[in-house]
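Q: sequence and computational prediction follow.
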Amino acid sequence: MTTNVAERKLTRKDVIKAWLRYYTVTEVGNSYERLTALAFGFGMAPVLEKLYGDNPEQLKEAYKRHVSFYNSEGTWGSLIVGIAMALEEENANKVSKPEYDSATDEENATEMITNIKIGLMGPLAGIGDSIDMGTIRPIFLSLFIPLAAKGNILGGIGPLVLFGVYMSFLAYFLVRQGYTLGRDSVASVLQSGRISKLIDSAGVLGLFMMGALSASYVKLTTKVVINTSGGAFKIQDTLDGMLPKLLPLAVVFLIYYYIKKRGPKYLRIVGAIIGFSLLLSLLGIV
């Protein structure tokens, strides 16, 4: 005898509620350890309750995978929220099937959803920061500069309102697109192997952006000067001649090596950076 299990389906209201919860607190629960993961988990909570509410073990695992390390630009990150909801919906419907293996299939689901989030969060953050913060916001500000120069209050309020409306509509559009994309094509995408290609491409873009950000924002130079008979020998000039930004690059690789060996112990890393910075500064090295 075959038992028909009702398909678990998220409604438009469920999607909007989850997105609003995420979007309103996306920068509130920031921490150095998990960054915006708590906001992501808070947004996903009602969705996970609806999909796994009658299965405590599945619910616990779902919560765990959505409070792991996460960081992306809030508006464009809404696309990831939508995709995550679609993937969780797909997984919840698999759980109720007799052929579901609670050990293997659960591990595969966690790995798949987590990898998709990790693979997309960096590139989408770069897109959001460059398009919204680096392009759209300056355009809105420039439109109201003449009013502000004349002392008109709209010159100060206008950009905030206009940019806020733009960001909200864009975020809603992206979460809907993410959910639709995940819901309609998750099976074909997984079977065709396009997800692995997407993650690889996103990873390359993320590494490219990490290199650019490291070169721009990691500041480290040495003051060491060696006096010789031929004059003063500046170590920093020699390093710049070999490879500009060599010391910042070395620091980034050193931190990366530590994370690979010891795990993401971010508070310890931040403490070590502050400690070494003070020590080397007192010694006159940097």
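A: Yep, it's here. Keep in mind that what you see is a predicted model, and the values were worked out from it rather than measured. Residues are numbered from 1 along each chain as shown.

Q: going forward, measure contacts and count neighbours with C-alpha atoms only.
A: OK.

Q: got a list of what Glu33 touches?
A: Neighbouring residues of Glu33 by CA atoms under 8 Å, 6 or more residues apart in numbering: Phe69, Pro264, Lys265, Tyr266, Leu267.

Q: for these, which one is nearest Leu239?
A: For the contacts of Glu33, the closest approach to Leu239 (CA to CA) belongs to Tyr266, at 28.6 Å.

Q: point out where this structure drops to low pLDDT.
A: Along the chain, the parts satisfying pLDDT under 70 run over 1-8, 96-107, 183-206, 209-210, 213.

Q: include distance to Ala171 when you put the contacts of Glu33 into TSV, please.
A: Shown next, in TSV, are the contacts of Glu33 (distance: CA to CA, whole Å):
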residue	distance to Ala171
Phe69	21
Pro264	30
Lys265	32
Tyr266	29
Leu267	31
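
Q: ChimeraX command to pick out the buried ones of the residues you listed?
A: Of the contacts of Glu33, the buried ones go into a single ChimeraX selection, burial set by 16 or more other CA atoms under 10 Å:
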select :69,264
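
Q: of the contacts of Glu33, closest to Leu247?
A: Nearest member of these to Leu247, counting by CA to CA, is Tyr266, at 20.6 Å.

Q: so that closest one sits against Ser31, correct?
A: No. Contact between Tyr266 and Ser31 fails when scored by CA atoms under 8 Å: they sit 10.0 Å apart.

Q: can you name the two of the contacts of Glu33 that sit furthest apart?
A: The distance between the two most remote of these (CA to CA) is 13.6 Å, for Phe69 and Leu267.

Q: circling back to that earlier point, nearest to Val47 among the contacts of Glu33?
A: Phe69 (19.4 Å).

Q: for that closest one, give its distance to Ile118.
A: Per CA to CA, to the nearest Å, Phe69 is found 9 Å from Ile118.

Q: check Lys17 too.
A: When Lys17 is compared with Ile118 (using CA to CA), they lie 23 Å apart.

Q: the two: who's more crowded?
A: Neighbour totals were compared for Lys17 and Ile118, and Ile118 leads with 20 against 16 (other CA atoms under 10 Å).

Q: OK, contacts around that one?
A: For Ile118, the contacting residues are Tyr70, by CA under 8 Å, 6+ apart.

Q: 6 Å instead?
A: Listed by CA atoms under 6 Å, 6 or more residues apart in numbering, Ile118 has no contact partners.

Q: C-terminal to the helix or strand in which it is found, what's the next element?
A: Assigned by DSSP states H and E, Ile118 belongs to helix 104-128. Per DSSP H and E, the first helix or strand lying C-terminal to helix 104-128 is helix 137-149.

Q: what residues of the next helix or strand after that following helix count as buried?
A: Per DSSP H and E, the first helix or strand lying C-terminal to helix 137-149 is helix 154-192. Residues of helix 154-192 classed as buried by neighbour count (16+ other CA under 10 Å): 155-156, 158-159, 163, 167, 171-183, 186.

Q: and Asn91, helix, strand or coil?
A: The local conformation at Asn91, judged by DSSP: H, G, I helix; E, B strand; the rest coil, is helix.

Q: tell me the contacts of it?
A: No contacts exist for Asn91 under CA under 6 Å, 6+ apart.

Q: what kind of secondary structure is Gly284 in?
A: Look at Gly284: counting by three-state DSSP, its state is coil.

Q: roughly how far apart are it and Gly241?
A: 22 Å.

Q: next up, the contacts around the nearest residue to Ala148 once chain neighbours are set aside.
A: The shortest distance from Ala148 to any non-neighbouring residue, by CA to CA, 6 or more residues apart in numbering, is to Gly155 (4.0 Å). By CA under 6 Å, 6+ apart, the residues touching Gly155 are Phe144, Leu147, Ala148.

Q: with Leu35 instead?
A: Asn71.

Q: and it, backbone torsions?
A: Note on Leu35: its backbone torsions stand at phi 50, psi -120 [degrees, to the nearest 10].

Q: contact partners of stretch 168-188?
A: For stretch 168-188, using CA under 6 Å, 6+ apart, the contacting residues are Thr75, Ser78, Leu79, Gly82, Ile83, Ala86.
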